[in-house]
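# need a structure here:
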Amino acid sequence: MSLISIFITLILYSMSIICFSNHRHHRQHLQIYWNSSNRLFHSSEYLTVYLGDLLDFICPFYDDEQLNSHIEYNTLYLVNENDYYHCNTTNYIPLIKCNKPFDTQRLIYTLSVSNYLPYPHLPEFQDGHYYYFISTSSGQFDGLDQRFDGLCYTQNMKLTLHVQKYSRHAYDQRRKSSKLILAKRSNFTLISSTKRPFSFASRNSPLFYLLLVLCLLTKSKI
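Numbering: from 1, shown residues only. Reported below is the predicted structural model:
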C-alpha cells in the first residue's frame, strides 16, 4: 500500500470517528440517598432505568457535628411486588445494612442493572419488568433487622425500578428531561457516563466508505 493510500485511509478513519461519535451507548450512573428524609419517598412514582445502568444506594452518614441529631439506621431489601405493598422482608437476604453512619468510608451498595448477574440472591434484570426495594427497619439501631412495617410503612421508604432496554430514542428523551428530573428529585445525581464506541464493518470494505459518504452528506445538510 502506498503512502498516499495510507494517508487517505487515516483521514477517512478520523472522519468516521467524528461522524459516528454520537452513535454510542450512554450508561447512566445514579446516586440514591437511602434515607427516609429523601423527597423521593414522598412520591408514588417509579424510577425508569435502562439495562447497563448503575445505581448507588448510599446509606445515611453524619459528621461529628450531627451527634445530637436524629441518627437513622436501616437495611435495604429487594422484594417481590406483594411484599413491597405489605412492607414485608421476611425470608429476604439484605442487600446492605446501613449500620455505620459515622464511618469515614461511606457505606454504598452499587447495583448493576444487567440481565446477567453472578449473585444467587439477585434477579436477572429484564426489559419491561418492575423491581421493588424497601426498608422495614424501624430507623433505630435496635430495629435494624425488623422484618415488617418499619420505615416502609411509616415513611413510605420504598422504591420501584422500571427496567427498559436502551434505545437511541429513549436516551434522547431522557437527556431532554434530565434537568426536570434532577430538579424534581434533588437526591438523584447524574454522574459522568461511560461511552461505548459504535462499531460497524471493516474499514477496508466498500460499506465503510458508503456509510462515511452518507454520514458526510447528512451532516452537510444540518
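
# so Asp142: helix, strand or coil?
helix (DSSP: H, G, I helix; E, B strand; the rest coil).

# ok, it - how many residues close by?
Neighbourhood size, Asp142 [other CB atoms under 10 Å]: 9. For the C-beta atoms, the positions are set from N, CA and C on the backbone; glycine is no exception.

# flag the shaky bits of the chain, pLDDT-wise.
Applying pLDDT under 70 to the chain picks out residues 1-3, 5-26, 65-69, 117-120, 167-222.

# helices of that one, start to end?
3-19, 81-86, 150-154, 168-184, 206-221 (DSSP state H).

# just the strands in the protein please.
All strands of the chain, identified by DSSP state E, fall at 25-27, 29-33, 47-50, 54-58, 74-79, 96-98, 108-112, 130-134, 158-164, 189-190, 194-196.

# list the contacts of the fifth one.
Taking CB atoms under 8 Å, 6 or more residues apart in numbering as the criterion, the residues outside strand 74-79 that touch it are 34-36, 57, 59-60, 88-89, 92-98, 109, 122-123, 131-137, 139, 144-145, 150-151, 157.

# and the strands of the chain, which is most packed in?
The densest packing among these, expressed as mean neighbour count by mean count of other CB atoms under 10 Å, is seen in strand 74-79 with a mean of 24.

# contacts only, for Ser37.
Glu72.

# okay, it and Ile93: tell me how far apart.
Using CB to CB, to the nearest Å, Ser37 is found at 26 Å from Ile93.

# now do Ile108
As judged by CB to CB, Ile108 and Ile93 stand 18 Å apart.

# do the same with Ser138
With CB to CB as the criterion, Ser138 and Ile93 are 19 Å apart.

# among the strands of the chain, which comes closest to Ile4?
Minimum separation from Ile4 across the strands of the chain (CB to CB) falls at strand 194-196, 32.8 Å.

# ok, Leu55 touching Ile32?
Yes. Using CB atoms under 8 Å, Leu55 makes contact with Ile32 at a distance of 6.1 Å.

# count of neighbours near the closest residue to Tyr62 other than its chain neighbours?
Closest residue in space to Tyr62, ignoring its immediate chain neighbours: Pro101 at 5.1 Å, by CB to CB, 6 or more residues apart in numbering. Using other CB under 10 Å, Pro101 has 19 neighbouring residues.

# circling back to that earlier point, buried ones from the contacts of strand 74-79, can you make that a PyMOL selection?
To isolate the buried ones among the contacts of strand 74-79 in PyMOL, judged by 16 or more other CB atoms under 10 Å, type:
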select buried, resi 34+35+36+57+59+60+88+89+92+94+95+96+97+98+109+131+132+133+134+135+136+137+139+144+150+151+157
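
# and the gap between Val78 and Asn35?
Wrong residue type there; residue 78 is Leu, not Val. Separation of Leu78 from Asn35 (CB to CB) stands at 18 Å.

# nice, that's everything, thank you.
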